[in-house]
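Colleague: sequence first, predicted coordinates after that:
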Amino acid sequence: MGGDLDPYYELAYALESQSLSFFVGTGFSMHLTDGKAPSWLDLLKTCCEKIDGGGELSEQLFPNDNPIMSLEECASIIKVKMDSQGCCLHTEIAKVIRSLELGESGAETKEILEGLPPVKFITTNYDLLLEEKLIGDEQCTSYSIGYPINRQAKEYQVYHVHGSVKFPKKMIVTADDYFKFINYPDYFSKKVQTLIEESTTVIIGYSLGDVNFKAILNNIRSNRVHDINRQNLFYLSRSPVNKNIKDYYDRSYGLRVIENTEVDEFLNKINSKHEEIKKRVSGSRNLLMPVLDGKKNFTDSYLKKRDSFYEIIATLSSNGIIVSHPKVVKFLKDIFERKRRFTGLTGAWEQYKHLAGWLVHVGAIMDIKDTPLEDAYLKAVESSFKNMSKKKELGKSWDSFVIWKRHWIDLTYDNRIMIFRYFENEVVSSDAREVMSQ
């Protein structure tokens, strides 16, 4: 694996298992068109230009580009004005959106996707860039409000949660549209929730501003307590993300943040990792299930490898196996105990490093407090803390300290609090205190 807490192992595993979905928003269309796709605000301002008195209305609704109310409410006001002049807001929006074409960035993204196994796309965008330009109609089945349901899906599927320009009057645009959509859920809103439940989902080009989307995520999070799949949600950010915002994403939505990464860089990293692991994916379930059933055990030589644990976690996750199941808890506790014993063997420096990475990884993808795994996990953390050192000191692992120091913030908020309280009244090294004080 490339590095500790590397999300691309899980993403590549999901890709090869055909369980990877991309939830894309306006930012993704902007990327594909080299910035020519309009923002929601720009789209509404453009529509104001189509009517008499539209300039004045635009200034009233968007003074200095700061909307005086939510954009869907602004859209409702614009619609009333357009209706009175015999125009249709939904139709005018569709006219603007239909003209979009791929730019240079979009062409590069298209080339990368052509080298990957198919993925599912979920989008709140109205445009048809995904199916018509990026993928191609011959390989793609498109679903949306107003579409007939195609029961013979092609390799790629695109789900337009808020409708598309094929059926403008069905697009979710105004406050009234959103109200009906949220309060009278249809096939598409339920399908989106099912897709996120059943797959690893990466949010790209999205600001989390959509009320319905946040409701879906909150509902999933509340139903996924102590389930490894609960945190199979990733948020891709082009820029660095503040620690407090990461905690907000984690606690509110169960999102793991991949920061400071451009879209094509992200796709290339998945592609690279996929090439590395794809041959192992098909046999991983057959390898794991007999161990969970108690019929076999993993060999020491397998568990001494760093990638073994990440492969196990990815297999559990992609097969929907919850960590709170007694068999899984017993299995993971045994793995941590054996890994701790490996650190006591002669020449075990790599095992110290592996253990720290494994503990960080588990602590980042699930809340451990009040689960049967809590005690074994905390004892393993205690062992790791005792055997690490900020300085290169005989008998201590400097690499372990670096992993904990670098990735402490990646643990879920609740796990950081759990560990801190466990050591609160204990005598621990200054290095461990340094890690926990971040």
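Modeller: Now that the structure is in, tell me what you want to look at.
Colleague: give me the next element, helix or strand, following the lowest-mean-pLDDT helix or strand in the chain.
Modeller: Lowest mean confidence among the helices and strands of the chain (mean pLDDT, DSSP states H and E): helix 211-222, at a mean of 68. Counting by DSSP states H and E, the next helix or strand C-terminal to helix 211-222 is strand 233-236.
Colleague: can you name the element that comes right after the helix or strand containing Ile313?
Modeller: Applying DSSP H and E as the criterion places Ile313 in helix 306-318. The helix or strand immediately downstream of helix 306-318 is helix 326-342, counting by DSSP H and E.
Colleague: what residues sit buried inside that following helix?
Modeller: Buried residues in helix 326-342, counted by 16 or more other Cβ atoms under 10 Å: Val328, Val329, Phe331, Leu332, Lys333, Ile335, Phe336, Lys339, Arg340, Phe342. (Each C-beta comes from the backbone N, C-alpha and C, glycine too.)
Colleague: next, the closest residue to Asn319 other than its chain neighbours: secondary structure please.
Modeller: With Cβ to Cβ, 6 or more residues apart in numbering as the criterion, Asn319 has its nearest non-adjacent residue at 6.1 Å, and that residue is Arg285. When classified by DSSP: H, G, I helix; E, B strand; the rest coil, Arg285 comes out as helix.
Colleague: Arg285 and Leu316 touch, don't they?
Modeller: No - counting by Cβ atoms under 8 Å, Arg285 does not reach Leu316; the two are 9.7 Å apart.
Colleague: please say which of those two ends up with more neighbours.
Modeller: Neighbours were counted for Arg285 and for Leu316 using other Cβ atoms under 10 Å; Leu316 has more, 22 against 14.
Colleague: pretty sure the more buried one is touching Val291, no?
Modeller: No - counting by Cβ under 8 Å, Leu316 sits too far from Val291 to count as a contact (11.1 Å).
Colleague: which residues of the protein fall in strands?
Modeller: Using DSSP state E, the strands of the chain run over residues 20-24, 120-123, 140-144, 156-160, 200-204, 233-236, 255-258.
Colleague: need these in TSV with mean pLDDT, can you?
Modeller: Formatted as TSV, the strands of the chain follow (pLDDT from 0 to 100):
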stretch	mean pLDDT
strand 20-24	93
strand 120-123	93
strand 140-144	89
strand 156-160	92
strand 200-204	92
strand 233-236	90
strand 255-258	87
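Colleague: need those in JSON lines with distance to Arg406 and mean neighbour count, can you?
Modeller: JSON lines is the format used below for these (distance: least, Cβ to Cβ, whole Å; neighbours: other Cβ atoms under 10 Å):
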{"stretch": "strand 20-24", "distance to Arg406": "27", "mean neighbour count": "25"}
{"stretch": "strand 120-123", "distance to Arg406": "32", "mean neighbour count": "23"}
{"stretch": "strand 140-144", "distance to Arg406": "40", "mean neighbour count": "20"}
{"stretch": "strand 156-160", "distance to Arg406": "37", "mean neighbour count": "23"}
{"stretch": "strand 200-204", "distance to Arg406": "23", "mean neighbour count": "25"}
{"stretch": "strand 233-236", "distance to Arg406": "19", "mean neighbour count": "22"}
{"stretch": "strand 255-258", "distance to Arg406": "15", "mean neighbour count": "20"}
